[in-house]
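Enquirer: quick one, what's the 3D model for this:
(chains A and B)
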There are 2 protein chains.
Amino acid sequence: MNNRPIGVFDSGLGGLTVLKAINKVLPNENVIYFGDTARVPYGPRSKETIIKYTFQAINFLISKNVKAIVIACNTATARSLKEANHKYDLPIIGVIEAGARTAAYSTKNKIVGVIGTQGTISSKAYNLEIGKIDKDIKIIDKACPLFVPIVEEGWANTDIAHLTAERYLQELKDQNIDSLVLGCTHYPLLKRTIGEFVGTEIKLVNPAKETALDLKKILEEKDLLRESGDSQSIYEYYVSDIPEKFASIAQEFLKQEIRDIKQVEIYKY
Amino acid sequence: MNNRPIGVFDSGLGGLTVLKAINKVLPNENVIYFGDTARVPYGPRSKETIIKYTFQAINFLISKNVKAIVIACNTATARSLKEANHKYDLPIIGVIEAGARTAAYSTKNKIVGVIGTQGTISSKAYNLEIGKIDKDIKIIDKACPLFVPIVEEGWANTDIAHLTAERYLQELKDQNIDSLVLGCTHYPLLKRTIGEFVGTEIKLVNPAKETALDLKKILEEKDLLRESGDSQSIYEYYVSDIPEKFASIAQEFLKQEIRDIKQVEIYKY
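Expert: A predicted model of the protein is given here:
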């Protein structure tokens, strides 16, 4: 057993959808969340820059004595998970393996759609992971850079969101995908809009839940679960820009108030 | 006379619209452009973070021996121009004073609209500058965070851009503005879409041209113009993320190819 916290890292707010899933699956665990709000979004940045930012986030979380880390950001997972596991000893998992596995097992016609930021899509990380499970699965992928700002503007259910979904997703629909991976942690907030456009026959895959289950399994295997019966679990939030704005949008994601968010000078780590 | 280059700084690409205006007004000058592409966009960031990023950019440009600096970014001007002029000795100008002056002299009914990023609008910098010229001018301002990603997606003339313009600008039109300041250096690329929605009776004010004229005046006053008859002017481009992506979008802005873009580790300055 191990009562140290789990570290959850995202480029900004999106990782809160993963944090929510972790809370459901592992309600007893303490969690430290770090959102790199001074440098969000990671989507359009280069691999080199993303690796540097990810290592700084991991160094910060290690300084907080975490026992395991979830990179709750598709772009950071795609660009830097391998490098992070090479450099650090503690368990570090991303969101892509779990999402890829879910998609590979849910598709029937073996045509899977993957959407994400430019960084995630360029990395071909989902293609690689899905290919490891079943190399006959055909993948149609598409970068959707406008989805994140639409969610952050609170426009997830507007005509603009619908038109944007249509413009991005028509070609995936035309190519007969039967599963669509929401390969960015912001996208679950667009689930209704995307679902209305693609229809009920296409299954929407949200990697967050599977990632939380993977985390649970790893903690069990390594005997790192927190002792049950201990005091209530504690959630701490850190961001690299000032906390005020984070607090207000975070409520959209978590559907609950979060308090006591602290600022970190992340470039020093 | 002074043959040292002019420094132009922006959070990313938008400042190229200002660089283009400088090239028209001062074709003889050498220019060093720095775009902070590893940390773009500045719009949603805090004042403290933006000041830090701006000072690093200025330190870098000073290391390149510039004789004057243009902060070609509305957000950085709004948040950090005063602090920069307090800290540094060389001439540093922003884009807001010139834009405010143009708007103040162009309005007839004394109702001016101002649009920009969240950072620029929250700062009330345009309100302050316009108020200095004529305190009776009423200002209707509005943050338009989706405009920048729409431009960068190459969707400036789509139905999505039109709907977004309508959603942001209807209230400004309803309040009878007769001038509209394009308070973000990306927005001139949306001029047609915005113009089609607001109609020809509302004058669109692009601060870039006036900023270039201000710069010329300052260089003349301080006897800092480059000697004419010297060799052809040189333009150098630096960015903080990898240069490849910058090159391709920059062509959209400048309508010409740019080569030899170099990368800077800006956080070291």
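
Enquirer: right, and chain B sits closest to which residue of the stretch 101-250 of chain A?
Expert: In the stretch 101-250 of chain A, no residue comes nearer to chain B than residue A:242, which is 4.0 Å away by CB to the nearest CB. Where C-beta positions appear, they are placed from N, C-alpha and C, glycine not excepted.

Enquirer: now that residue: closest residue in space, sequence neighbours ignored.
Expert: residue B:46 (4.0 Å; CB to CB, 6 or more residues apart in numbering or on different chains).

Enquirer: got a list of what the one you found touches?
Expert: Each residue near residue B:46 by CB atoms under 8 Å, 6 or more residues apart in numbering or on different chains is listed here: A:38, A:241-242, A:245.

Enquirer: what does the helix or strand of chain A with the lowest mean pLDDT rub up against?
Expert: Ranked by mean pLDDT, DSSP states H and E, the weakest helix or strand in chain A is helix A:243-254, scoring a mean of 80. By CB under 8 Å, 6+ apart, the residues outside helix A:243-254 that reach it are A:13-14, A:16-17, A:19-20, A:35, A:37, A:152, A:154, A:189, A:237, A:239, A:257-259, A:261-263, B:44, B:46.

Enquirer: again, 7 Å this time
Expert: Helix A:243-254 is touched from outside by A:13, A:16-17, A:20, A:35, A:37, A:152, A:239, A:257-258, A:261-263, B:44, with contacts defined as CB atoms under 7 Å, 6 or more residues apart in numbering or on different chains.

Enquirer: coming back round to it: reformat the contacts of residue B:46 as CSV; add neighbour count and distance to residue B:125.
Expert: Below are those laid out as CSV (neighbours: other CB atoms under 10 Å in any protein chain shown; distance: CB to CB, whole Å):
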residue, neighbour count, distance to residue B:125
A:38, 24, 21
A:241, 23, 19
A:242, 17, 19
A:245, 18, 19
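
Enquirer: what are the ranges of the helices in the stretch 101-250 of chain A?
Expert: For the stretch 101-250 of chain A, the helices defined by DSSP state H, counting those that start in this stretch occupy A:118-123, A:125-133, A:147-152, A:159-174, A:191-198, A:207-221, A:243-254.

Enquirer: between the ones you listed, which gets nearest to residue B:117?
Expert: helix A:147-152 (11.3 Å; CB to CB).

Enquirer: check whether the closest one contacts chain B.
Expert: Yes - counting by CB under 7 Å from any CB of the partner chain, contacts between helix A:147-152 and chain B involve A:149-150.

Enquirer: by contact count, what packs against that helix?
Expert: helix A:159-174 (3 or more CB pairs under 7 Å, 6 or more residues apart in numbering or on different chains; DSSP states H and E).

Enquirer: relative to helix A:191-198, how tilted is the helix it packs on?
Expert: Interaxial angle, helix A:159-174 versus helix A:191-198 (axes from the mean of the first three to the mean of the last three CA atoms, to 10 degrees): 50 degrees.

Enquirer: minimum distance to residue A:108: which of the helices of the stretch 101-250 of chain A has it?
Expert: Judging these by CB to CB, what sits closest to residue A:108 is helix A:125-133, at 14.4 Å.

Enquirer: quick one, what contacts residue A:212?
Expert: Contacts of residue A:212 (CB under 7 Å, 6+ apart): A:21-22, A:24-26.

Enquirer: hmm, back to that, phi, psi of the residue nearest to residue A:242?
Expert: The phi/psi pair for residue B:46 (degrees, to the nearest 10) reads phi -80, psi 160.

Enquirer: surely the residue of the stretch 101-250 of chain A closest to chain B touches residue A:263?
Expert: Yes - judged on CB atoms under 7 Å, residue A:242 makes contact with residue A:263 at a distance of 6.2 Å.

Enquirer: distance of residue A:226 relative to residue A:27?
Expert: 10 Å (CB to CB, to the nearest Å).

Enquirer: for residue A:65, which non-adjacent residue is closest in space?
Expert: Closest to residue A:65 by CB to CB, 6+ apart is residue A:4, at 5.4 Å.

Enquirer: for the stretch 1-150 of chain A, which spans come out with low pLDDT?
Expert: Across the stretch 1-150 of chain A, not a single residue meets the criterion (pLDDT under 70).

Enquirer: go with 90
Expert: A:1-2, A:12-14, A:37-46, A:117-120, A:122-123 (pLDDT under 90).

Enquirer: which residues of it lie near chain B?
Expert: Within the stretch 1-150 of chain A, the residues that sit near chain B (CB under 7 Å from any CB) are A:38-39, A:44-46, A:48-49, A:145-146, A:149-150.

Enquirer: of residue A:226 and residue A:27, who's got more company?
Expert: Ranked by neighbour count (other CB atoms under 10 Å in any protein chain shown), residue A:226 and residue A:27 place residue A:226 first, with 19 against 10.

Enquirer: about what we covered before: as JSON lines, the contacts of residue A:212 with secondary structure and distance to residue B:119 would be great.
Expert: What follows is the contacts of residue A:212, written out as JSON lines (DSSP: H, G, I helix; E, B strand; the rest coil; distance: CB to CB, whole Å):
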{"residue": "A:21", "secondary structure": "helix", "distance to residue B:119": "32"}
{"residue": "A:22", "secondary structure": "helix", "distance to residue B:119": "32"}
{"residue": "A:24", "secondary structure": "helix", "distance to residue B:119": "36"}
{"residue": "A:25", "secondary structure": "helix", "distance to residue B:119": "38"}
{"residue": "A:26", "secondary structure": "coil", "distance to residue B:119": "37"}
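
Enquirer: what subset of these is buried?
Expert: The neighbour-count test (16 or more other CB atoms under 10 Å in any protein chain shown) marks A:21-22, A:25-26 as buried among the contacts of residue A:212.

Enquirer: can these go into TSV with extra columns for distance to residue A:216?
Expert: Below are those laid out as TSV (distance: CB to CB, whole Å):
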residue	distance to residue A:216
A:21	10
A:22	9
A:25	5
A:26	6
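
Enquirer: residue A:220: which of those residues is nearest?
Expert: residue A:26 (10.1 Å).

Enquirer: so what's the residue count around the residue lying closest to residue A:265 once chain neighbours are set aside?
Expert: Nearest in space to residue A:265, with sequence neighbours left out and distances taken as CB to CB, 6+ apart, is residue A:240 at 7.6 Å. Other residues near residue A:240 come to 27 when the count uses other CB under 10 Å.

Enquirer: thought residue A:240 was touching residue A:56?
Expert: No - with contact defined as CB under 7 Å, residue A:240 does not count as touching residue A:56 (9.1 Å).

Enquirer: any shared contact partners between the two?
Expert: residue A:266.

Enquirer: what residues are up against the residue nearest to residue A:65?
Expert: A:65-67.

Enquirer: shaky segments in the stretch 151-269 of chain A?
Expert: Using pLDDT under 90, the flagged stretches of the stretch 151-269 of chain A are A:152-154, A:189, A:209, A:227-233, A:241-260.

Enquirer: kindly report the residues of it close to chain B.
Expert: A:153, A:159-160, A:163-164, A:167, A:241-242, A:245, A:267.
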